[in-house]
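*Asks:* Structure for this input, please:
(chains A and B)
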There are 2 protein chains.
Amino acid sequence: MVRINQHFLKLHNYFLFTEIAQRAERFLQKHPDVTLFKLGIGDTTEPLPQSVITGLKRGVEKLSNKKTYVGYGDERGEIALRKGFVSWYQEHGVSLDADEIFISDGAKTDLANIPSLFHQRCIIAVQDPVYPMYVDSNVIYGRTGKYKNGRYKKVVYMPCVKENNFVPSLPKTRVDLIYLCMPNNPTGSIMTKKQLAEFVAYAKQHKAIIIFDTAYAAFVQDPKLPRSIYEIPGAKQCAIEINSFSKSAGFTGVRMGWTVVPKDLRVEDAIPGEVNALWKRRQATMFNGVSHITQEGALGLLTKQGQKECHDITQYYLENARLIRATLTQLGFEVFGGENAPYLWVETPKGLSSWEFFDLLLEKAHIVVTPGVGFGPHGEGYVRFSSFGHRETIQEAVKSLQKASLLQKI
Amino acid sequence: MVRINQHFLKLHNYFLFTEIAQRAERFLQKHPDVTLFKLGIGDTTEPLPQSVITGLKRGVEKLSNKKTYVGYGDERGEIALRKGFVSWYQEHGVSLDADEIFISDGAKTDLANIPSLFHQRCIIAVQDPVYPMYVDSNVIYGRTGKYKNGRYKKVVYMPCVKENNFVPSLPKTRVDLIYLCMPNNPTGSIMTKKQLAEFVAYAKQHKAIIIFDTAYAAFVQDPKLPRSIYEIPGAKQCAIEINSFSKSAGFTGVRMGWTVVPKDLRVEDAIPGEVNALWKRRQATMFNGVSHITQEGALGLLTKQGQKECHDITQYYLENARLIRATLTQLGFEVFGGENAPYLWVETPKGLSSWEFFDLLLEKAHIVVTPGVGFGPHGEGYVRFSSFGHRETIQEAVKSLQKASLLQKI
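*Replies:* Residues are numbered from 1 along each chain as shown, chains lettered A, B, ... in the order given. Have a look, this model is predicted:
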């Protein structure tokens, strides 16, 4: 008699973005003439850059021709692409081996699967607020305990609040897997190298692993801030890094990410190099590699032209962020983030809850944002504005904000 | 202090195909002038058909243009594609809802992830021999117990041997998840509707779930044989079906599969429709959908032209299978499969072990096959020939076989 994985039933609510979509849809059903400004999901809007298009077309051509057609590839990604990433990291001052880089169909997939490498009873620590799928995937793994009063019992939440500039303090109780999202989604905050070095030292001392999600690294403007955890000496012994071209090159619908599992990674009951070997084994057993076509597109991005195009795309969205930030500030809102990240973290006015402010923005300014509480208990009292959008949409959204006189309507 | 998932250490050997590649490589190092005929992995060699190429190009174009660019899609796959599959199943006499179809980056990924929907202590049953990743993924989930004498202690093996025409009998002890690969990889055997109906009746009676891997269904020639488990009345209450275009349309390196989770699926501790909802939730939490470009390619395959091209590709490989089968039979080998499947299951001569015959074929005929024992204990004494390859390669391989006089060399 088969039974279900009961851990699924511990998942609180539905997935955040589904709930948002449903509220927006209900509003549109009542007001079918309204055009909503969707600044909720961090979904890219600008077309793929030329370097990628050229690569993708080359990929299609390759598979169309008997002489160049290839079937299954290396589950870890083609060696040319992995070597390309080695050079890419080298330019950022980080030295890696091609065998330490694993190409996947997206950062989310890897973030979901990496925890399966570790013991069932691992204790996870997350920034609070943060991207919800770190916790949700561990709920499904059965690591979190039950949900009560906005928290999972066994998860260690590291508050990121105005008082600490949205940078977490080191955990005070035992933790085994520390998720760090840097720049953070949703707060747009980022640690300095010194602050990150403290986490690396902590992880080494307590034999913990840092899962470093750096999907927004391309948005970091300040050259003094870290873009990879491996810029911190010793991090290879305690950190797995996961990155993506989704936001910096419009790969949201193309699907490709990459993960670094260093051979130096130290785990108490594993021999040196074993975690790298286990991930390789995991991928060979449960995954079949990424589309050759997609990989050809990614190769394009690693060229000089591709890197210039990535830079232009991130600057485009950051200009959007500056527009939203300026308007909100001018209207009297308290705004964080948006300078080294595509997200703005906005305090709700007059003590409104996240969802109350969400509804107000939806109904009065026709703007869809993401309620902060969806990212963790310390997200309550905030909403996240995403700066992904066509410039003209952002400009109209900003006008709609100005016209709505929200603060007068509360 | 973080520890690893100890279940990984129960995995026997390295992944089968990696071991084969290593033996072939060692041989080539000793004999650098030899060209090997690779009939080991079931890897496609014929280029993508025109319907796919047109779709892929349309997909690239779409993402290149500001007006048509799209970012994240539905994690389950675009509705147009899912509706296309509804019509596709309809043509095969199976009625499904678009919400029951989930597009993924490949059958292997879904086969690996579907078991996570079910309770940790589920007992799995597999055909023996069969595609090894069913068992291997469940080793990682911690469901199989330890490996000893060619078997995992808690796995129920259903022998597929010459005496039962390689069709398994019903399990004699309690099982919860029954994997059926049909046509079977590696034996090329397939159940009749009557035999499959017995498994459906058994699953319903014992409240078990059948995970039906039908990745080779397009190769079934006999119209009386089932291509989908849903051709059997009542199967929607007890079966999840997983399929792919990898083998029938050269999608091995394009990466796309699909899974049917019927809303009628019955699980003792779940309400009707809940397993479908849990899979939707799982995919929304841990996956981000398939490349839009790939999905456009797949849409091409669902056209009349696409279906004709799929048919031509499968006929091409089946003609290869006929060539290999005829030669082996003529040389005095006992050959099974290859008529409704791209694999031939060949008994080793004179009591050789699978690996001994593998080595003999490698060294004397320069042909790489897959040792049967890699697919399970009852695969001992057999090897699998794959018929994927260019016609001229297969013709040369066949000549090499004839020249090698293998039976005289044992």
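*Asks:* these two touch, right, A:Asp99 and A:Ala277?
*Replies:* No - applying CB atoms under 8 Å, one finds A:Asp99 not in contact with A:Ala277, separated by 9.6 Å. Any C-beta I mention is one placed from the backbone N, CA and C, and that applies to glycine too.
*Asks:* what sits against the residue nearest the centre of chain A?
*Replies:* Taking CA atoms, centre = their mean, the centroid of chain A lies closest to A:Ala215, which sits 4.8 Å from it. By CB atoms under 8 Å, 6 or more residues apart in numbering or on different chains, the residues touching A:Ala215 are A:107, A:181, A:185, A:242-244, A:246-247, A:257.
*Asks:* Among those residues, name the buried ones.
*Replies:* The neighbour count (16 or more other CB atoms under 10 Å in any protein chain shown) marks A:107, A:181, A:185, A:242-244, A:246-247, A:257 as buried among these.
*Asks:* Out of these, the closest to A:Ile79 would be?
*Replies:* Distances from A:Ile79 to these, taken as CB to CB, are shortest for A:Gly257 (17.7 Å).
*Asks:* Tell me how far that closest one lies from chain B.
*Replies:* From A:Gly257 across to chain B, the span is 9 Å (CB to the nearest CB, to the nearest Å).
*Asks:* Model confidence score at A:Tyr69, please.
*Replies:* Per-residue pLDDT puts A:Tyr69 at 98.
*Asks:* Then A:Tyr134?
*Replies:* Listed pLDDT for A:Tyr134 reads 97.
*Asks:* Can you give me the distance of it to chain B?
*Replies:* Distance of A:Tyr134 to chain B, computed by CB to the nearest CB: 10 Å.
*Asks:* Also A:Ala217?
*Replies:* For A:Ala217 relative to chain B (CB to the nearest CB), the value is 18 Å.
*Asks:* same deal with A:Ile140?
*Replies:* Per CB to the nearest CB, A:Ile140 is found 7 Å from chain B.
*Asks:* show me the contacts for that residue.
*Replies:* A:5, A:7-8, A:11, B:116, B:282, B:285-286.
*Asks:* quick one: which of the residues you listed is nearest to B:Gly42?
*Replies:* Nearest to B:Gly42 among the contacts of A:Ile140, with distances taken as CB to CB, is B:Ser116, at 25.4 Å.
*Asks:* just to revisit the earlier point, in strands only, show me the contacts of A:Ala215.
*Replies:* A:181, A:242-244, A:257 (DSSP state E).
*Asks:* Using PDB, write out every CA atom in stretch A:65-84.
*Replies:* This file holds the C-alpha atoms of stretch A:65-84, laid out as PDB (Å, rounded to 0.1, in the frame of the first residue of the first chain):
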ATOM      1  CA  ASN A  65      23.500  18.100 -39.800                       C
ATOM      2  CA  LYS A  66      24.400  14.400 -39.900                       C
ATOM      3  CA  LYS A  67      28.100  15.200 -39.700                       C
ATOM      4  CA  THR A  68      27.900  17.500 -36.600                       C
ATOM      5  CA  TYR A  69      24.900  16.000 -34.800                       C
ATOM      6  CA  VAL A  70      25.600  14.800 -31.200                       C
ATOM      7  CA  GLY A  71      23.300  12.900 -28.900                       C
ATOM      8  CA  TYR A  72      23.900  12.700 -25.100                       C
ATOM      9  CA  GLY A  73      26.600  15.000 -23.800                       C
ATOM     10  CA  ASP A  74      28.500  15.000 -20.500                       C
ATOM     11  CA  GLU A  75      26.000  15.300 -17.700                       C
ATOM     12  CA  ARG A  76      28.300  18.000 -16.200                       C
ATOM     13  CA  GLY A  77      28.200  20.100 -19.300                       C
ATOM     14  CA  GLU A  78      30.500  20.200 -22.300                       C
ATOM     15  CA  ILE A  79      34.200  20.600 -21.500                       C
ATOM     16  CA  ALA A  80      34.500  23.700 -23.800                       C
ATOM     17  CA  LEU A  81      31.800  25.500 -21.700                       C
ATOM     18  CA  ARG A  82      33.300  24.400 -18.400                       C
ATOM     19  CA  LYS A  83      36.700  25.500 -19.500                       C
ATOM     20  CA  GLY A  84      35.100  28.800 -20.500                       C
END
